[in-house]
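# Sequence and predicted structure, then a few things I'm wondering about:
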Amino acid sequence: MAGLRAFALIIFATVFVAAGARAGNEGQRAEAFIDTLSAQAIALVSDKDMPPEVKREGFAKLLSNGFDMRWIGQFVLGRNWNLATPEQRTEYLELFEKIIVFTYSKRFNDYSGQQIKVVGHQLGKRKYVFVNSQIYDPKRSGSSINVTWRLLPKDDSFKIVDVVIEGVSMGISQRNEYNSVIQRNGGKIAALIDAMRENLTNLRSDS
């Protein structure tokens, strides 16, 4: 189960590149989007010959091309976004993206053949599309975890804006963590940015 959860986090971190439009309705196209991106993510993490730094650069490119970092970064910061200065917002978003790159690229070695299967979708409010899937290990029958992807239409494709692993939203979990840092430091956003700088320095030294 731990290996499956690690793979889910890897997929969450790597399936952020836009795919072209597919025939069918919105939900069917969203399912095809996840299928395509899953294949690309697996190809990236399963390449054992690719140097770690090159793989990290590849992941960073996927993230930059496909993930609306401003949207998710603002969601994670929550109401504190309105309290931040323009300079703080800029640095926060830059640190947020870099931390994601270094954090999840370190998990690539956890991949050991897990696969993802799309099992349906729901159309939500405010144009959200929720794609349901299962991540499983072909070597272990009956072993799987449920993952729901939250997507927004973008031009002729989609953007993933959150992923829910066994009922736990990654975006909300990150929001709670960051809000806790701010609250422990008298509501100061500068304290969060300082903590993020330190986190990124430690991640880089361990890479």
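Nice, I can see it.
# and the gap between F108 and W81?
31 Å (CB to CB, to the nearest Å). From N, CA and C alone the C-beta is placed, and that goes for glycine too.
# And these two? Which one has more around it.
Taking other CB atoms under 10 Å, F108 and W81 do not tie; F108 has more neighbours (21 against 15).
# Nearest residue to the more buried one in space, please, no chain neighbours.
Leaving aside its sequence neighbours, F108 sits nearest to V45 (CB to CB, 6 or more residues apart in numbering; 4.9 Å).
# what's the burial count for the one you found?
Using other CB under 10 Å, V45 has 25 other residues around it.
# Touching, it and S112? I think so.
No - in this structure V45 lies outside contact range of S112 using CB atoms under 8 Å: 9.8 Å.
# show me what contacts the nearest residue to Y128 once chain neighbours are set aside?
Computed as CB to CB, 6+ apart, the closest residue to Y128 that is not its neighbour in sequence is R150, at 5.8 Å. Shown in contact with R150 (CB atoms under 8 Å, 6 or more residues apart in numbering): G124, Y128, V129, F130, I160, V161, D162, V163, V164.
# Assumed R150 was part of a helix.
No - counting by DSSP: H, G, I helix; E, B strand; the rest coil, R150 falls outside a helix, being strand.
# Name the residues of the helix or strand in which S38 is found that are buried.
Using DSSP states H and E, the element containing S38 is helix 26-45. For helix 26-45, a neighbour-count test (16 or more other CB atoms under 10 Å) marks 27, 29-38, 40-42, 44-45 as buried.
# any idea of the mean pLDDT for the following helix or strand past it?
Using DSSP H and E, the helix or strand that follows helix 26-45 in sequence is helix 52-66. Averaging pLDDT along helix 52-66 gives 80.
# residues contacting R56?
With CB under 8 Å, 6+ apart, R56 has these contacts: V101, F102, S105, S207.
# again with R204
F102.
# Can you list the buried residues in the helix or strand harbouring it?
Per DSSP H and E, R204 falls inside helix 189-206. Residues of helix 189-206 classed as buried: I189, L192, I193, A195, M196, L200, L203 (neighbour count, 16+ other CB under 10 Å).
# can you count the residues close to R70?
Residues within reach of R70, counting by other CB under 10 Å, total 12.
# Could you number the chain from 53 rather than 1 from now on?
Renumbered: residue one is now 53, and that last one reads R122.
# Look up which residues are beta-bridged to the residue nearest to Y180.
F182, D214 (DSSP bridges).
# farthest pair in the buried residues of helix 241-258?
Farthest pair in the buried residues of helix 241-258 (CB to CB) is I241 and L255. Separation: 20.8 Å.
# Okay, now the unreliable bits of the protein?
For the chain, the stretches with pLDDT under 70 are 53-76, 117-118.
# Neighbours of the closest residue to K211 other than its chain neighbours, how many?
Residue nearest to K211 in three dimensions, not counting chain neighbours: D120, with 4.9 Å by CB to CB, 6+ apart. By other CB under 10 Å, 15 other residues sit near D120.
# if I pick the spatially closest residue to W201 that is not a sequence neighbour, what's in contact with it?
In this structure, W201 finds its nearest non-sequential neighbour in V183, 4.5 Å apart by CB to CB, 6+ apart. Residues counted as contacts of V183 (CB under 8 Å, 6+ apart) are G79, A82, E83, F85, I86, V170, G172, H173, T200, W201, L203.
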